[in-house]
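>>> for reference, the sequence and a predicted model appear below.
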Amino acid sequence: MGRDTFTGDVLRRLGIDNVLADHPERYPRIGLDEVPPVDLVVLPDEPYAFSPTDGPEMFAGTPVVCVSGRHLTWYGPSLVSARAVLDAQLSRPVTTPART
């Protein structure tokens, strides 16, 4: 996510700094080699269904957490429980071993 997005605002409210928040595009398309160093990678299960076995391996050595896309990217009724669900998920990052 880049600048001025609903998802970016939710992450900010959860205390997550988005390294692409100042990118000129709202939804930047960048290669993995262009991702700046980060402390945590957040992967939602939608619109693409990232999962513990599909996605985190691309960020070997960096803590990754898979979260509910519904709670991260949807506005409406899911926001009632979004903080509790996302806080719980964000508290359990997994680090894939670095490639050798």
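Everything's here; your move.

>>> distance between stretch 89-100 and the chain's centre?
13 Å (C-alpha atoms, centre = their mean, to the nearest Å).

>>> what's across from the residue nearest the centre of the chain in the sheet?
In the chain, the C-alpha nearest the mean C-alpha coordinate belongs to Val42, at 2.3 Å (C-alpha atoms, centre = their mean). Note on Val42: beta-bridge partners by DSSP bridges are Val65.

>>> how far away is it from Arg70?
14 Å (C-beta to C-beta, to the nearest Å). From N, CA and C alone the C-beta is placed, and that goes for glycine too.

>>> now Gly76
Taking C-beta to C-beta, one finds Gly76 at 10 Å from Arg70.

>>> neighbour count: these two, which is higher?
Arg70 (17 against 7; other C-beta atoms under 10 Å).

>>> now the more buried one: which helix or strand?
Assigned by DSSP states H and E, Arg70 belongs to helix 69-73.

>>> immediately after that helix, which helix or strand?
helix 79-90.

>>> on contacts alone, who are the packing partners of the following helix or strand past that following helix?
As assigned by DSSP H and E, the chain's next helix or strand after helix 79-90 is strand 94-95. With contacts taken as 3 or more C-beta pairs under 8 Å, 6 or more residues apart in numbering; DSSP states H and E, strand 94-95 sits against strand 63-67.
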